[in-house]
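Engineer: sequence plus predicted model, see below.
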Amino acid sequence: MKKLRQAAVACTVGSGMVAGAALAQPAASAREPAGKQLAFDVRKGNCLACHGMPTVPDAVAAGLYGPPLIAMSARYPDKAKLRAQIWNAMEANPATTMPPFGKHGVLTEAEIDKVTDFVYGL
Ligand code: HEC
């Protein structure tokens, strides 16, 4: 009987610690800028599937299929051109494999704006 009580106490302490650890986890995503979240989200931009982002430490690119997204404001002085590339990459290159995020409604207009802001800062 004593052993059983000890086990019960151990369980209570154990689960308390698990709950405590879960609560201590910071809500990391809540602090990230929306454009970055959209670009990283596999169901949204999924940009990392094809592009590296060398200046973003937590950008783990699966493939280096597309060119690395770096120095974008220098390479795209006209931000509208950058937005157009993200909205419909087929405009610049009809044979591209980059999905036309705006044209096909993968991202809303507001989401394209946020992703463009994020990419422009890379
Ligand atoms: C399926 C692969 C794929 C995905 C996903 C993808 N791209 Fe691309 N992207 C490419 C390829 C390939 C190119 C090279 C240009 C071309 O094909 O015309 C490119 C080119 C670009 C360029 C022009 C790069 C330069 O150096 O001028 C930008 C900007 C860009 N992509 C942004 C994005 C963003 C932002 C996302 C996510 C919302 C994204 N791409 C998702 C494949 C992809």
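Structural biologist: Perfect, I can see it now. Being a predicted model, the structure only gives us computed values, none of them experimental. Numbers count the residues shown, from 1 in each chain.

Engineer: in which helix or strand would I find residue 43?
Structural biologist: Under DSSP states H and E, no helix or strand contains residue 43.

Engineer: what count of nearby residues applies to it?
Structural biologist: 7 (other Cβ atoms under 10 Å). C-beta here means a position set from N, CA and C on the backbone, and glycine is covered the same way.

Engineer: model confidence for it, exactly?
Structural biologist: For residue 43, the pLDDT comes out at 94.

Engineer: OK, contacts around the residue lying closest to residue 42 once chain neighbours are set aside?
Structural biologist: Leaving out its chain neighbours, the residue that sits closest to residue 42 by Cβ to Cβ, 6 or more residues apart in numbering is residue 49, at 7.3 Å. Residue 49 makes contacts with 42, 61, 62, 63, 65, as judged by Cβ atoms under 8 Å, 6 or more residues apart in numbering.

Engineer: most surrounded residue in those residues?
Structural biologist: In the contacts of residue 49, the most neighbours by other Cβ under 10 Å go to residue 61, 18 neighbours.

Engineer: on the three-state scheme, that residue is what?
Structural biologist: On the three-state scheme (DSSP: H, G, I helix; E, B strand; the rest coil), residue 61 is labelled coil.

Engineer: quick one, what contacts it?
Structural biologist: Residues in contact with residue 61 (Cβ under 8 Å, 6+ apart) are 48, 49, 50, 51, 52, 53.

Engineer: near the ligand too, which of those residues?
Structural biologist: Among the contacts of residue 61, the ones lying close to the ligand by the criterion of Cβ under 6 Å from any ligand atom are 49, 50, 51.

Engineer: which residue is the nearest non-sequential neighbour of the spatially most central residue of the chain?
Structural biologist: By Cα atoms, centre = their mean, the chain has its centre lying nearest to residue 40, at 1.8 Å. Leaving aside its sequence neighbours, residue 40 sits nearest to residue 48 (Cβ to Cβ, 6+ apart; 6.1 Å).

Engineer: could you count how many residues lie near the one you found?
Structural biologist: For residue 48, the neighbour count with other Cβ under 10 Å is 19.
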